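Visitor: could you work out the structure for the sequence below:
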Amino acid sequence: MSRLRENEIVFLAQTERPMPLTITVADPLAIRLQSEAVARNIPVEQFAAEVLQNAVRSDDRGDGWAIANQRRLAFIRKEFTLGLTAAEAAELQDLQWRADQHLASLDSQMLDDVTEMERAAAQTLDAPTP
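Guide: I've put the predicted structure just below:
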């Protein structure tokens, strides 16, 4: 198992030609990454590479949610510090609607998962005991 040194994670991307990359992270994130890697019994570098790959892959879906959400968050911060122009306020409203839609789709997926878990639990409880 690899040890974190001053919260730096050095790993090789899993590609044909590995690219060394060093990332410095804050203590809470370093602890979480280390804990998850230990729980999975894999090196922290491997876990960090998987997390980054999944993050990039999810943004590759083409919906641009991650970029739009970052812009939305920047507008929200600006709204409370400098204020927004009318155009920015309109864009923020549009981005907020998009966030609502994105979260609604996640809620729907979670509700489907809960329904499936309830069904499986009911089947287990109804099954005869040996």
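Visitor: for this protein, just list every one of the strands.
Guide: Assigned by DSSP state E, the chain shows strands spanning 8-12, 20-24.
Visitor: any idea which of those strands scores lowest on pLDDT?
Guide: Taking each of the strands of the chain in turn, the one with the lowest mean pLDDT is strand 8-12, at a mean of 51.
Visitor: mind giving me the domain split of this structure?
Guide: Each structural domain of the chain that the record assigns through automatic domain parsing is listed here as a residue range: 8-59, 65-126.
Visitor: can you tell me which of these is most buried?
Guide: Among the domains of the chain, domain 8-59 has the highest mean neighbour count (mean count of other Cβ atoms under 10 Å), at a mean of 13. No exception for glycine: its C-beta is placed from N, CA and C like everyone else's.
Visitor: picking up where we left off before, weakest of the domains of the chain in terms of mean pLDDT?
Guide: Considering the domains of the chain one by one, the lowest average pLDDT is found for domain 8-59, at a mean of 74.
Visitor: scan the chain for its longest helix.
Guide: For the chain, the longest helix by residue count, based on DSSP state H, is helix 86-126.
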